[in-house]
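Participant: coordinates for the following, if possible.
(2 chains, ligands or ions: 2)
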Amino acid sequence: MPISLTVNGKRHELDVEPEMPLLWVIRDELGLTGTKFGCGIAACGACTVHVDGVATRTCVTPVEVVDGAEITTIEALAASSGAGEGELSALQAAWVAKQVPQCGYCQSGMLMAVSALLAENPQPTDEDIDAAITNVCRCGTYPRIRAAIREVTSA
Amino acid sequence: MKLGKPTRRQFLIAGGAVAGGALLIGYASSGPSRRAQADAAASAGGERFVTTWLKIAPDNTVTVYVPHADMGQGTITALAMMAAEELDADWSLVRAEQAPAESAFANESLGNRFVPGDGVPPMLKGVNAAAWYQVAKFMSLQITGGSMAVRYTGQHGMRTTGAAAKEMLLKAAASRWNCSPSDCTAAMSMVTGPKGETATYGELAADAAEYSPSASPKLKSRSEYKIVGTPRPRFDIPGKVDGSAKYGIDARPEGLLYAAVRLGPVSRSTVVSYDASQVLSRRGVKKVVEFPGGVAVVADNYWRAKEAAAALDVEFDAGDKVNVSSETIFAAQAEALSRETDEDKEVGDAASVFSSAPETEGAEIVSAEYRVPYLAHACMEPMNCTVWIRDGKADVWVGVQDPLGTRARIADVTGIDFDNVTVHPMLLGGGFGRRIPLREGFFDFPSEIDFAAIIAKEVDAPVKLVYSREDDIQHDAYRPAVTSRIRAVVGPDGYPTAYENLYVYKDDPEEAPHIPYGIANQSIRYAEVPTHIPRGPWRSVAHTQHTFFSESFFDELAHRAGKDPLEYRLALLKDQPRHAAVLKLAAEKAGWGKKLPQGHYHGIAVQQSFGSIVAEVAEVSIEDGSPRIHRVVAAVDCGLVVHPDTAAQQVESGIIYGLTAALYGEISIENGAVVQTNFTDYEMLHLSECPEIEVHFVDSDAPIGGLGEPATPVVSAAVSNAIFAATGTRIRQLPFKLHDLSQVSDKFAQAAD
Ligand code: FES
Ligand code: FES
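Facilitator: Ligands and ions are numbered 1, 2, ... in the order given. Here you go, the predicted structure:
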C-alpha cells in the first residue's frame, strides 16, 4: 500500500515500509537534507518538521502515522510563512539579525519548533518558550535563540 | 596534540594574473604543526604550511580562501576581515570560502621554489577559473583546533597577504598615472591618484600582477582599523537558516548507499562471529562487511541499514578489558599517585617546605583530592563519512577539523595513493576536538573515517557511514577521567608558602596544570595510567580538568583563611596584571560583594589558556538539591578583538559547553564499555536552564589570543565555588548531578540565618 504525503506542497506516493521513520523518508527517499538526524529517540529536536502545522520529531514518527498529512520542512518554512520567492520568513530574518547559528546543525529543528510555537502562541512568555523549546543546541546558541524570538514578539 | 610555537619563517609565495586578469596572491608560513604523525603520514619529511590565498577579480570582488574549517566559530569571516582590512577593501565586495578541497601539502621544498623573485609558478599563469584545482594543490589546510586560526593564520598570513596586494595595486596605479605610489591612496577597493584619477582594484589587478609581492609589507596600526573590530555579518549564516547548508551527513553523490555499524561495546574488541544471512534478505540490504572491531550493514536507506545492523547477532571478544570499570580506573590512578611520579614543574623547594611544615610555627598542610570523569564530545551532527572508491581513486565527503590529515588517513587505510584521494570538505555539525582523525598518542584510535574507507573498498558505489547517537557516545576519544591530589602549606596569614599537585595524564597544553599564583615553592608532578579507553582532545583539552582542580582549591584556601575569594586571588596575582584586570572587571560587572537576590550566591574563577585570560563570576542558587545557574559574567583578555560579535558568541558557547559538562557530563565505564547511550543518560543543557551570559572584553594590546576554547574550563570552578558559598559543600568530583545539595543547603541556610 503506497503511502501518500504532501511535502512542501508537493505530493509523493511512496512505496516504503510503514514503520520507516518520517525522518529517513524525508532525508533518504526524498533527498531533503535540511531536516537533521541528531539522536533518533526524540531527545534533541534536530529532526523537527511541521505535520499539519504541528512541530513533530520525525525520527520516531512512523511514516504510516502521517499518511495523507501536509508536511513542511525547513526548506519551505519561508514559503509556508508567506515570504516571497528567495525571501526569508520574519523568524529566519530575526535569526540572521541576531546571528544565531554557530555550527548551525540544530538550527533547522530550532526554527521549525519555534515557528510552530509562535503560530499557536504569538506572544509567548519566557516560561512558554522554556516549556516548548526543548531542542538541544550543542554549540550553546540558546541566549541568541531567545533574543531572536524576542525580535519577533513583543513580550 | 602538540601545539608548537609558529616559527618566524614566512614569505609570499606567488603573485600573478589568473582567471582573465585577476590578481592572485598567496602567502605561506611554516605553521604550528600539531602532530608529527600527520605530517609524516602525508608528506614524508615535508613541513606543513599555513597558506593563505587572496584573489582580486576584474569585477572588483575579493575572494579570501581560508585554510581552516569553520565549525561555527566565525573563523572564515574573521580571517577575511583581517585580509580585507590591510587591503583596504570595500567589505561589501569581499567573499570568503574555506580553501578548496583538493589541497596538497605545500611542503618546504615546494614552498622554496616560490619565494619572491621566482615570480609566478607557470601553472598559475593564464589559467581559467577551473584552475583553482591546481592552485589548491599548493595549499595546505591546517588543523583547526587550539584556538589558533585568528592568532596564527590571521596575524601572520591574512594581514600580510592583504597588505602586499595593496602595495602591488598602488604600484600599478602609480605607473598608470606616472606618479609615485606614495602619491596614491587606497580605500574602499579603489585607488585614487594625485590628480583625482581613480581605478578600482579590479581594473588594476592584471597590472598589479606584474609586481613581486613584498614579504614584509607595511601593516596598519590598530588605530587605522575600519573593518577589524566591527561586527560584520558572518558569511555562513544565511545557509544555516534555510536548510541549504550542507554538512558531511548531507552528502548525496549519485548512487549513494548507506552503512550502519555494529561496534563491539568495548573499544578495540574483535569480531568472533556473526551470520550475515540473518539480514541479507531484508529489503534494501546490499551487503554485510566486517572490519576491525565491528560489522557494517550496507543498504539503500540509512534506516534499513540501521535496523538490519541492530538485528544481527554479533559475538565480540574484548579479552580482559571487560574487567575494567570506572572504579578500577580511579583505583589505578590513586595507586599511581601514591608511587613515584614524574616531574612536570618544580619551583623552589616544595618538598622541604612540606616536610618541615609540622615543626613550623603556624604552618598547616591543607589537602584535597579532586576527580573528573570521562567526557564525550557529543557533536550535534553524529559522526559520518562518505567514501566512493572507483578506478583506483577515492572521493571523500566529510566535515573534519583537518581535511589533509583525513586525506592522509584515507590513503593509509585504503592503500590508495595520496594524490588519488580527494577530500570534499563539508560543513561540520560541531567539532570540539572530536573531528580530528589523527591524534598524537591516539594515532591508532579507530574512527568512522577508517571504517567508512574499509567498507567502501568492498562496495561498488559511494557509501555513507553514519554513526547512531549511541555509536557516537560509546565510541568517542574521550576527555580522560582524571584524579588530582593537591596540597598546600599555608602560613599564619592564610597564604600558601608551598603548593603541590599530583595528577594523572600529562596532556596538552603543557602549561594546563600550572598556576598563575605567586607561590615560592611549587611541585607539580604526574603519572601515566594507561587504559584501553581512547583519549582525545576535548574543547580546551587538559585545561578542562586542571582549571576545575586548581581554581576550586584556591577557593578552598581563601575560605579557610576567612578571606574574600576575589581579594585572596588578587593578593597572589601581584605579578600577573592581566589576570588581576580580568578578575576585577568580571567582579565589577557581576556586582561582586553587592547584595544578591535571596538565596543567590557568587563564585569566581580565572584561567589563562590558548593565549587568552578569562575570569567568570557565576550566580547560583540551590533548587531541589541542584544548582540553578542564573547568570555568568565573563571578562576576557584576548588581545585585539577582531570580530566582537563572534568573539562574544564563542565565549557564550564555551561557557555553555563547560557548564553542560559540569552539571551533567559523565561517561562511566562498566565491563570495559561505556555505560551511557544517548542524550537521555548523557544529558545536555536546555534553553530553560541556560543562564543569562554577559561577556566583557578588556581593552588590551597583548598578542591575539584564541577564543574557541578559553571560556570553557573556567565555568565549572566558578559554579562550584558559588555552590560552596551557597551550601558550605565543597564539590571535589564532577559532575554536580552526583551531589544532592538539598540537605546541606537547608542546614547551611539555618546556620546562616
Ligand atoms: S533526531 Fe529526532 S529528536 Fe533527535
Ligand atoms: S548551532 Fe551547533 S548545535 Fe546548535
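Participant: can you pull the contacts of B:Asp564?
Facilitator: The contact partners of B:Asp564, by Cβ atoms under 8 Å, 6 or more residues apart in numbering or on different chains, come to B:558, B:593. All C-beta atoms are positioned from the backbone trio N, CA, C, and that covers glycine.
Participant: around ligand 2, pick out the residues from chain A.
Facilitator: Proximity of chain A to ligand 2, by Cβ under 6 Å from any ligand atom, involves residues A:101-107, A:137-139, A:141.
Participant: and A:Thr96, how far from A:Asp15?
Facilitator: Not Thr; residue A:96 is Val. Using Cβ to Cβ, to the nearest Å, we find A:Val96 at a distance of 39 Å from A:Asp15.
Participant: neighbour count: these two, which is higher?
Facilitator: A:Val96 (18 against 8; other Cβ atoms under 10 Å in any protein chain shown).
Participant: just want the residue of chain B that's nearest ligand 2.
Facilitator: Nearest residue of chain B to ligand 2, counting by Cβ to the nearest ligand atom: B:Met380, 3.6 Å away.
Participant: what are the buried residues along the longest helix along chain B?
Facilitator: Scanning chain B for the helix with the most residues, using DSSP state H, yields helix B:644-664. Neighbour-count burial for helix B:644-664, with 16 or more other Cβ atoms under 10 Å in any protein chain shown as criterion, is recorded at B:645-664.
Participant: any idea how far the residue lying closest to B:Val541 once chain neighbours are set aside lies from B:Gly536?
Facilitator: Spatially, and ignoring its direct neighbours in sequence, B:Val541 is nearest to B:Asp508 (5.5 Å; Cβ to Cβ, 6 or more residues apart in numbering or on different chains). For B:Asp508, the distance to B:Gly536 equals 11 Å [Cβ to Cβ].
Participant: looking at the two, which is more packed in?
Facilitator: Using other Cβ under 10 Å as the criterion, B:Asp508 and B:Gly536 rank with B:Gly536 on top: 23 against 17.
Participant: what does the stretch 151-300 of chain B put close to chain A?
Facilitator: Within the stretch 151-300 of chain B, the residues that sit near chain A (Cβ under 8 Å from any Cβ of the partner chain) are B:231, B:233-234, B:236-247, B:249-250, B:252, B:258, B:283.
Participant: only whichever of those are buried, select them in ChimeraX.
Facilitator: To isolate the buried ones among those in ChimeraX, judged by 16+ other Cβ under 10 Å, type:
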select /B:231,234,236,237,238,240,241,242,243,245,246,247,249,250,258
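Participant: if we can go back for a sec, for the residue of chain B closest to ligand 2, give its distance to chain A.
Facilitator: As judged by Cβ to the nearest Cβ, to the nearest Å, B:Met380 and chain A stand 4 Å apart.
Participant: could you do B:Phe354 as well?
Facilitator: 41 Å.
Participant: buried residues in the helix or strand where that residue lies, which are they?
Facilitator: Element membership of B:Phe354, judged by DSSP states H and E, is helix B:350-356. Along helix B:350-356, these residues count as buried under the neighbour rule (16+ other Cβ under 10 Å): B:350, B:353-354.
Participant: likewise for stretch A:95-109?
Facilitator: For stretch A:95-109, using 16+ other Cβ under 10 Å, the buried residues are A:95-96, A:98-109.
Participant: in helices, which of these fall?
Facilitator: Among these, DSSP H puts A:95-96, A:107-109 in helices.
Participant: what's the most distant pair in the residues you listed?
Facilitator: Across those, no pair lies farther apart than A:Val96 and A:Gly109, at 17.3 Å, counting by Cβ to Cβ.
Participant: what pLDDT does the model give the closest residue to chain B within chain A?
Facilitator: Closest residue of chain A to chain B, Cβ to the nearest Cβ: A:Gly34 (2.3 Å). For A:Gly34, the model assigns a pLDDT of 98.
Participant: quick check: phi and psi at it.
Facilitator: Here is the backbone geometry of A:Gly34 (degrees, to the nearest 10): phi -70, psi -30.
Participant: where does the prediction get shaky in chain A?
Facilitator: By pLDDT under 70, the low-scoring segments of chain A are A:155.
Participant: give me the subset of the residues of chain A next to ligand 2 that also touch chain B.
Facilitator: A:101-107, A:137-139, A:141.
Participant: and the chain, what are its domains?
Facilitator: Chain wasn't specified; assuming chain A. Following automatic domain parsing, one gets these domains for chain A: A:2-76, A:78-154.
Participant: could you do chain B instead?
Facilitator: Domain assignment for chain B, taken from automatic domain parsing, gives B:8-230, B:248-319+B:383-466, B:539-752.
Participant: list the contacts for A:Thr56?
Facilitator: Listed by Cβ under 8 Å, 6+ apart, the contact set of A:Thr56 reads A:22, A:48-50, A:66.
Participant: quick check: which element contains it?
Facilitator: Using DSSP H and E, A:Thr56 sits within strand A:54-57.
Participant: would you mark the buried spots in that strand?
Facilitator: Neighbour-count burial for strand A:54-57 [16+ other Cβ under 10 Å]: A:55-57.
Participant: ignoring the adjacent residues along the chain, who's closest to the spatially most central residue of chain A?
Facilitator: The centre of chain A sits closest to A:Met112, judged by Cα atoms, centre = their mean, with a distance of 2.7 Å. Leaving aside its chain neighbours, A:Met112 sits nearest to A:Thr48 (4.3 Å; criterion: Cβ to Cβ, 6+ apart).
Participant: beta-bridge partners for the one you found, please?
Facilitator: Beta-bridge pairing of A:Thr48 under DSSP bridges involves A:Arg57.
Participant: which stretches of the stretch 301-450 of chain B aren't confidently modelled?
Facilitator: Looking along the stretch 301-450 of chain B with the criterion set at pLDDT under 70, you get B:437-444.
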